[in-house]
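**Q** Fold the following.
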Amino acid sequence: MGQFCKGLQELDEKAIAQCFENGDDLELSDLEDVDSDDAVAQKIMDFMKSCAGQLKYQVGEATVDGDTATVPVEFTYVNAGSLMTEILTEYISEAWSLALSGADDEKLAAAFEEVFDEKTTGADFPTMTATLTIPCVQTSDGWKISSSADNSEELSDQLLDILTSNIYGALEDFGAGLLGTGIALDGPPMAAFGLAVGWEPRVFLGTVSVFFMLRGIITLVLQWWHGFFTPEVLGMAMYGTPGVMLGSLAAFPVVKRINVLLFRRVLLAIIAICGVVCLVRSIW
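**A** Residues are numbered from 1 along each chain as shown. As a prediction, this is how the structure comes out:
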């Protein structure tokens with residue numbers, strides 16, 4: 001266990017893998033495969049190594065049961081997740097402006113390095129403490145960390161957070177938020193397109209309904225694939241379904257009475273409001 005914790009401190013993927021029962025199948029970040037020509041990736045990697053060097057650990061007493069055992073280990077590590085989110089948020093704002101002005105990849109990378117150095121130089125990083133119960137199994141090569149325990153997936157996620165000082169989790173959450181925002185902004189572009197081509201209210205609503213239906217089907221399949229549909233979620237969906245159906249039925253007679261000119265003005269107002277909201281969020 002000491003060798004394993006030492007590997008975490010040195011951010012040594014090979015040393016960490018050797019401590020596992022099936023080390024070759026261990027799914028950790030490819031820490032040693034970072035492209036040295038990628039300045040951004042190298043900057044983050046060097047920072048993670050610096051944080052990993054500050055890792056402290058305390059190994060508790062093992063509980064042995066035949067060929068299996070559990071070992072409690074208390075880790076105290078740097079929590080750089082919030083800082084990384086802050087860096088990415090500021091960088092995305094600057095990168096957007098640079099991209100619109102025709103900046104190349106080199107300028108974008110330089111902008112990231114500038115923001116990164118500004119935020120990390122002299123910063124006081126908070127620490128987190130986590131106690132993990134690590135399952136072990138006796139093999140022909142001695143005691144190894146079990147790769148087939150019931151909590152192996154959860155343990156792998158926790159170790160990855162410790163290994164990367166919560167940077168990996170911050171990158172994953174930021175990417176998910178960015179993707180979610182991008183998906184959520186498909187309404188205004190559709191409205192602008194419908195307004196530009198001069199669709200009447202019934203044509204506009206019909207086309208947009210089909211568009212969102214197709215997008216919704218794809219979203220539902222992806223959410224089901226990732227196990228988002230719990231009994232609680234399905235129960236709440238069943239309560240909302242009648243309201244959706246009644247709202248759709250009630251809309252048909254109303255659409256026929258909508259004034260085309262008024263409809264376009266309202267649509268323009270909605271697009272303008274969405275633009276203001278996006279602008280305010282980007283500033284604050």
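**Q** which one's the longest strand in this structure?
**A** Ranked by number of residues, the top strand in the chain under DSSP state E is strand 127-139.
**Q** Run through who's touching it.
**A** 1, 21, 54, 62, 67-79, 143-146, 148-149, 151-152, 155, 158-159, 161-162, 166 (Cβ atoms under 8 Å, 6 or more residues apart in numbering). Bear in mind the C-beta positions are built from the backbone N, C-alpha and C, glycine included.
**Q** how about the strands of the stretch 101-250 of the chain, start to end?
**A** Taking DSSP state E, counting those that start in this stretch as the test, the strands found in the stretch 101-250 of the chain are 127-139, 142-145.
**Q** Can I get these in a markdown table including mean pLDDT?
**A** Below are the strands of the stretch 101-250 of the chain laid out as a markdown table (pLDDT from 0 to 100):
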| stretch | mean pLDDT |
| --- | --- |
| strand 127-139 | 91 |
| strand 142-145 | 90 |
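**Q** and residue 217, which of these is closest to it?
**A** Among those, strand 127-139 comes nearest to residue 217, with 39.8 Å by Cβ to Cβ.
**Q** Please identify the pairing partners of that closest one and their relative orientation?
**A** strand 68-78 (antiparallel), strand 142-145 (antiparallel) (DSSP bridges).
**Q** mind checking how far that strand is from the chain centre?
**A** Relative to its parent chain, strand 127-139 has a centroid offset of 24 Å by Cα atoms, centre = their mean, to the nearest Å.
**Q** swap in stretch 143-160?
**A** For stretch 143-160, the distance from its own C-alpha centre to the chain's C-alpha centre is 21 Å (Cα atoms, centre = their mean).
**Q** how long is stretch 119-134 from one end to the other?
**A** Stretch 119-134 stretches 35 Å from its first residue to its last (Cα to Cα, to the nearest Å).
**Q** List the buried residues in it.
**A** Within stretch 119-134, the residues scored as buried using 16 or more other Cβ atoms under 10 Å are 120, 132, 134.
**Q** Also stretch 67-75?
**A** Using 16+ other Cβ under 10 Å as the test for burial, stretch 67-75 gives 69-71, 73, 75.
**Q** neighbouring contacts of that stretch?
**A** With Cβ under 8 Å, 6+ apart as the criterion, stretch 67-75 contacts 1, 5, 8, 55-63, 129-138, 143, 146, 162.
**Q** Any stretches of this protein with poor pLDDT?
**A** 23-38, 99-100, 174-192, 195, 255-256, 258-284 (pLDDT under 70).
**Q** mind putting the buried residues of stretch 67-75 in JSON lines, distance to residue 14 included?
**A** Below are the buried residues of stretch 67-75 laid out as JSON lines (distance: Cβ to Cβ, whole Å):
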{"residue": "69", "distance to residue 14": "24"}
{"residue": "70", "distance to residue 14": "25"}
{"residue": "71", "distance to residue 14": "21"}
{"residue": "73", "distance to residue 14": "20"}
{"residue": "75", "distance to residue 14": "20"}
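**Q** Of the residues you listed, which is the nearest to residue 234?
**A** residue 70 (35.7 Å).
**Q** hey, where'd the helices end up in the stretch 1-150 of the chain?
**A** With helices called from DSSP state H, counting those that start in this stretch, the stretch 1-150 of the chain shows them at 2-10, 13-18, 39-52, 81-100, 105-120.
**Q** which residue packs closest to residue 52, ignoring adjacent ones?
**A** Once flanking residues are discounted, residue 52 sits nearest to residue 11: 4.4 Å by Cβ to Cβ, 6 or more residues apart in numbering.
**Q** Likewise for residue 2?
**A** That would be residue 59: by Cβ to Cβ, 6+ apart, it lies 6.8 Å from residue 2.
**Q** Likewise for residue 123?
**A** Nearest to residue 123 is residue 83, by Cβ to Cβ, 6+ apart, at 6.6 Å.
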